[in-house]
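*Asks:* would you be able to build a 3D model of this:
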Amino acid sequence: MELNEINEEKAETKIIGGGDRVSGEKGKFPKHVFFIIGNEFCERFSYYGMRTVLVLYVRNFLLFDDDTSTSIFHAFTMLAYFFPLVGGIIADSYWGKYKTIAYLSIVYVIGHVLKTIAAIPFIPGNTTHTILSMFGLLLIAVGTGGIKPCVSSFGGDQFKPHQVLYLSQYFAMFYFSINAGALISKFITPMFRADLDCYPGHHGPKYDECFTVAFGVPGLLMLVAVGFFFAGTKYYTQVPLEGSIFWKFCKCVYSALRNKWRRRKNEEGEEHWVDYADAPESLKRDTKYVMGILLLFTPLPFFWALFDQQGSRWTLQALQLDGTWGSFYMKPDQMDVINPLLIITLIPLFETTLYPLLRYYNVNFSPLKKMTAGLILAGVSFLFAAGLQFAIDADLTPLPPSDQFSVRVINLSPCDVTMTSSNPDYNGIMVGTEKISDTQFKFVETKEPFTLSHVTCVGNEVQTNFNVTSGEGKVIDYVISGLLGEHSMLSEMATAKPENGRSSVTFLNPYDVTNIVVNASGYEVTVPAKGRSKPVQVKSGTSSYRIYAGTSEYEGRLEVGVGGVYTVVLVVGDDVRAMNTSSGVLKDVNTNNINIAWMIPQYFVITVGEVFLSITGLEFSYTQAPASMKSVVSSIWLLTVSMGSIIVLVVAESRMIDRQAHEFIFFACLIGVASIVFAFLARRYKASKPQEIPSKKEKNEIEKTELLEEKTDFSE
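*Replies:* Sure thing, here's the model as predicted:
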């Protein structure tokens with residue numbers, strides 16, 4: 001989104017210092033603008049650092065499901081791009097830019113404080129964490145959105161009208177600070193989340209990831225940003241209030257609609273519905289032109305609906321992939337850094353190669369055609385995402401739904417056993433010594449009675465009745481042990497996949513033997529009698545572990561993959577060892593076999609689409625907007641971003657699409673329709689200079705003064 005913000009700020013501030021370029025700059029460069037540049041760097045680090053880990057925080061710490069986590073992420077994004085409208089009105093009409101930045105930055109910091117406190121796992125009650133988080137996010141949205149339209153233009157106010165060269169240098173540094181802050185924070189904040197062990201000795205969903213530091217560091221950077229801004233207070237030039245043109249625009253539209261509704265049928269109508277407004281002719285003329293741009297922009301929210309899913313659905317997709325790149329492990333939320341990296345590469349590349357080449361061969365790649373191509377490419381990127389998701393789904397381990405379960409038989413007895421069951425899928429299955437059954441994927445209804453029995457090595461029958469309560473993905477291990485196969489036990493398999501590039505291993509002890517301790521990857525876990533240890537996370541590849549049972553000691557080796565879930569079954573007799581398997585473990589849940597690099601094509605395609613649509617759209621709307629309405633058009637542009645998040649929120653909360661791949665295809669189809677609509681509107685749109693759009697009364701004046709022969713060129 002950096003590209004969108006850069007150009008939005010450019011649209012807000014381009015007219016500042018709009019004097020003619022002179023041969024020499026008069027006066028010195030206002031060095032106090034470096035306080036503003038430093039403020040922007042820290043604020044962008046703060047915003048993007050927090051936003052990068054947000055969806056995983058909501059999912060892993062607050063324990064919401066994927067759909068609700070996506071909805072919360074996009075609700076926050078929607079508010080963050082709605083409040084610039086409010087901040088612009090406040091700055092123009094009430095507080096001025098300085099006070100708006102100052103007051104709302106303090107609100108911003110308070111939001112970060114609440115968000116950081118909410119991420120402290122020692123605070124009791126998940127409801128408390130959730131309430132603090134929601135209030136914190138709301139204040140952050142108010143803060144970041146409210147100051148967004150003010151900071152860059154406030155920096156522009158520090159230059160004299162003739163200092164055009166200095167102003168250009170300022171914007172170059174300002175835009176660099178945006179990208180630098182975003183790039184650095186998107187790369188290192190996920191490291192704070194995943195790599196720091198903030199709570200030694202504590203384990204669980206709220207302790208395994210360090211969200212306190214991941215939110216605290218961005219909050220600290222926002223505090224530094226406020227310090228930078230206040231440090232330059234005595235040097236700033238503050239422009240007097242001029243009033244908000246957005247209010248005038250809204251009043252013009254409202255009065256036009258009201259008067260048109262009240263018009264009697266026998267009264268002569270106006271040529272355009274805006275002509276009914278109680279407003280000066282110049283305002284009505286400019287409003288008509290903005291309404292034309294607004295109509296053209298109506299399909300754009302669908303682009304932002306897809307684009308902003310890089311921080312939500314695409315991050316959740318990355319969780320299911322192998323992030324190993326040589327010796328470096330790319331975390332799921334770090335993938336978002338690819339977008340700004342591609343932006344700073346593609347913009348100069350296109351300007352120096354693609355666009356000159358198209359001009360050389362006389363290919364008409366007009367602004368509206370670029371925007372149409374941007375919409376289409378966003379849809380193509382989601383088709384890539386859908387294809388990748390289909391490949392991921394094909395490799396997933398099937399787990400029972402909430403109203404079903406399955407059973408895996410593990411035979412540790414010295415003889416082969418044959419199973420008998422009330423369920424035909426499990427009846428007559430033979431399991432060899434130190435082997436497992438292939439019944440893990442044969443699901444049984446929890447509401448139906450289920451029994452499983454086997455005959456021991458001396459012909460005795462052992463029967464077990466199952467009473468499994470409903471729960472997502474329950475797989476029960478039925479372990480046969482003893483010198484004659486006379487013992488059996490049930491243990492629920494751990495099926496939760498690790499999402500930090502490691503694998504999860506549990507140790508299963510089917511014997512009535514206590515005081516068994518396992519040391520694996522530096523962690524010591526106790527394996528209870530006739531029970532299963534807590535999961536231990538180990539690095540992918542080959543690693544070792546040690547088992548201690550009284551005076552017996554055993555060293556085993558594991559071969560595991562990224563994201564896999566495994567069980568080591570202990571065999572206890574005169575000594576202790578692990579069940580014989582080829583890899584030293586039983587694979588419970590498949591590994592992440594697809595590398596995260598396969599996401600790069602979809603990131604590349606959607607970033608090219610962003611370059612085509614975002615830069616072109618803002619420059620197009622800026623050059624086409626009336627001089628008095630440039631801030632209005634900028635506000636409308638930001639509202640399209642906000643509306644895009646509403647679309648995602650509605651789709652996610654409706655839960656009408658079960659499979660993620662199908663949802664990606666759905667969004668691709670949506671933007672396909674939006675592309676057709678936009679192409680149709682673009683074909684009908686006639687680009688004109690604002691002053692060349694005469695109102696009805698102005699046309700009559702032209703007729704009266706016999707100036708009809710002077711044709712106006714509407715083809716620009």
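
*Asks:* for this structure, give me the ranges with low pLDDT.
*Replies:* Where the chain drops to pLDDT under 70, the residues are 1-26, 264-270, 688-716.

*Asks:* what residue in it is the furthest from its centre?
*Replies:* In the chain, counting by Cα atoms, centre = their mean, Val458 sits farthest out from the average C-alpha position, at 60.3 Å.

*Asks:* next, give phi and psi for the nearest residue to that one once chain neighbours are set aside.
*Replies:* Nearest residue to Val458, sequence neighbours excluded (Cβ to Cβ, 6 or more residues apart in numbering): Leu484, at 5.4 Å. C-betas here are computed from N, CA, C, even on glycine. For Leu484, the backbone dihedrals are phi -120, psi 10 (criterion: degrees, to the nearest 10).

*Asks:* what number of residues lie near Leu484?
*Replies:* Residues near Leu484, counting by other Cβ atoms under 10 Å, number 14.

*Asks:* hang on, isn't it packed against Gly459?
*Replies:* No - judged on Cβ atoms under 8 Å, Leu484 makes no contact with Gly459 at a distance of 9.6 Å.

*Asks:* can you report how many residues lie near Thr298?
*Replies:* By other Cβ under 10 Å, the residues close to Thr298 number 14.

*Asks:* correction: the previous question concerned Arg655.
*Replies:* Neighbours around Arg655, by other Cβ under 10 Å: 10.

*Asks:* ditto for Ser654
*Replies:* Residue neighbour count, defined by other Cβ under 10 Å, stands at 10 for Ser654.

*Asks:* what separation do you get for it and Ser71?
*Replies:* From Ser654 across to Ser71, the span is 10 Å (Cβ to Cβ, to the nearest Å).

*Asks:* one more: Leu354?
*Replies:* Counting by Cβ to Cβ - Leu354 and Ser71 are separated by 38 Å.

*Asks:* now swap in Thr446 and tell me
*Replies:* For Thr446, the distance to Ser71 - Cβ to Cβ - is 30 Å.

*Asks:* the two: which has the busier surroundings?
*Replies:* Per other Cβ under 10 Å, whichever of Thr446 and Ser71 has more neighbours is Ser71, with 22 against 19.

*Asks:* shouldn't Ile101 be in contact with Val151?
*Replies:* Yes - counting by Cβ under 8 Å, Ile101 does reach Val151; the two are 6.1 Å apart.

*Asks:* what sits against the residue nearest the centre of the chain?
*Replies:* Of all residues in the chain, the one closest to the mean position by Cα atoms, centre = their mean is Gly311, 1.4 Å from it. Taking Cβ atoms under 8 Å, 6 or more residues apart in numbering, we find Gly311 in contact with 51-52, 54-55, 73, 77, 336.

*Asks:* cool, and Met489?
*Replies:* Shown in contact with Met489 (Cβ under 8 Å, 6+ apart): 478-479, 481, 510, 530.

*Asks:* in the chain, where's the longest helix?
*Replies:* helix 164-195 (DSSP state H).

*Asks:* pull the CA atoms of the helix or strand following that one into CSV?
*Replies:* Using DSSP states H and E, the next helix or strand after helix 164-195 towards the C-terminus is helix 211-231. The C-alpha trace of helix 211-231 is given here as CSV (Å, rounded to 0.1, in the frame of the first residue of the first chain):
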residue,chain,number,x,y,z
PHE,A,211,3.5,-10.2,20.4
THR,A,212,4.3,-7.9,23.3
VAL,A,213,7.6,-6.9,21.7
ALA,A,214,6.1,-7.1,18.2
PHE,A,215,3.6,-4.4,19.1
GLY,A,216,5.8,-2.6,21.7
VAL,A,217,8.6,-1.7,19.3
PRO,A,218,6.2,-0.1,16.7
GLY,A,219,4.5,1.7,19.6
LEU,A,220,7.9,3.0,20.8
LEU,A,221,8.7,4.2,17.3
MET,A,222,5.4,6.1,17.2
LEU,A,223,6.4,7.8,20.5
VAL,A,224,9.7,8.7,18.8
ALA,A,225,7.7,10.1,15.9
VAL,A,226,5.8,12.4,18.2
GLY,A,227,9.0,13.5,19.7
PHE,A,228,10.4,14.3,16.2
PHE,A,229,7.3,16.4,15.4
PHE,A,230,7.2,18.4,18.6
ALA,A,231,11.0,19.1,18.4
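
*Asks:* and helix 211-231, how far out from the chain middle?
*Replies:* Computed by Cα atoms, centre = their mean, to the nearest Å, the separation of helix 211-231 from the middle of its chain amounts to 22 Å.

*Asks:* so what does it touch, helix or strand wise?
*Replies:* helix 33-52, helix 96-118, helix 164-195 (3 or more Cβ pairs under 8 Å, 6 or more residues apart in numbering; DSSP states H and E).

*Asks:* elements contacting whatever helix or strand comes next after it?
*Replies:* For helix 211-231, the succeeding helix or strand toward the C-terminus, using DSSP H and E, is helix 245-262. Contact here means 3+ Cβ pairs under 8 Å, 6+ apart; on that basis helix 245-262 packs against helix 83-93, helix 281-297, helix 630-654.

*Asks:* columns distance to Leu316 on top of those, output as CSV?
*Replies:* Below are the helices and strands packed on helix 245-262 laid out as CSV (distance: least, Cβ to Cβ, whole Å):
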stretch, distance to Leu316
helix 83-93, 26
helix 281-297, 29
helix 630-654, 11
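
*Asks:* am I right that Val569 is in a strand?
*Replies:* Yes - using DSSP: H, G, I helix; E, B strand; the rest coil, the assignment for Val569 is a strand.

*Asks:* wait, it sits on Leu586?
*Replies:* Yes - here Val569 reaches Leu586: they are 6.5 Å apart, a contact under Cβ under 8 Å.

*Asks:* quick one, what contacts the residue nearest to Ile184 when sequence neighbours are not counted?
*Replies:* Spatial nearest neighbour of Ile184, excluding adjacent residues (Cβ to Cβ, 6+ apart): Phe45 at 6.2 Å. Taking Cβ under 8 Å, 6+ apart as the criterion, Phe45 is in contact with 181-182, 184-185, 218, 221.

*Asks:* just give me how far stretch 495-511 sits from the chain centre.
*Replies:* Its chain's C-alpha centre lies 28 Å from the corresponding centre of stretch 495-511 when counted by Cα atoms, centre = their mean.

*Asks:* in that stretch, which residues are buried?
*Replies:* Residues of stretch 495-511 classed as buried: 495, 497-511 (neighbour count, 16 or more other Cβ atoms under 10 Å).

*Asks:* next: stretch 410-430.
*Replies:* Neighbour counts using 16+ other Cβ under 10 Å place 410-413, 417, 419, 421, 423, 426, 429 of stretch 410-430 among the buried residues.

*Asks:* sort out for me which of those are in strands.
*Replies:* Judged by DSSP state E, these include 410-411, 417, 419, 421 as members of strands.

*Asks:* how about the helix or strand harbouring Phe604: buried residues?
*Replies:* Assessed by DSSP H and E, Phe604 sits inside helix 600-610. By 16+ other Cβ under 10 Å, the buried positions in helix 600-610 come out as 602-610.

*Asks:* tell me what the following helix or strand past it is packed against?
*Replies:* With elements assigned by DSSP H and E, the helix or strand that comes after helix 600-610 is helix 616-624. Counting contacts by 3+ Cβ pairs under 8 Å, 6+ apart, helix 616-624 packs against helix 2-13, helix 281-297, helix 367-394, helix 630-654.

*Asks:* how about helix 616-624 as CSV, C-alpha atoms only?
*Replies:* Listed next in CSV are the C-alpha coordinates belonging to helix 616-624 (Å, rounded to 0.1, in the frame of the first residue of the first chain):
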residue,chain,number,x,y,z
THR,A,616,-2.0,6.1,-13.0
GLY,A,617,-5.3,6.5,-11.2
LEU,A,618,-4.0,9.2,-8.8
GLU,A,619,-2.2,11.1,-11.5
PHE,A,620,-5.2,10.8,-13.8
SER,A,621,-7.7,12.0,-11.2
TYR,A,622,-5.3,14.8,-10.1
THR,A,623,-4.9,16.2,-13.6
GLN,A,624,-8.5,15.9,-14.4
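
*Asks:* buried stuff in that helix?
*Replies:* For helix 616-624, burial by neighbour count (16+ other Cβ under 10 Å) applies to 616-618, 620-622, 624.
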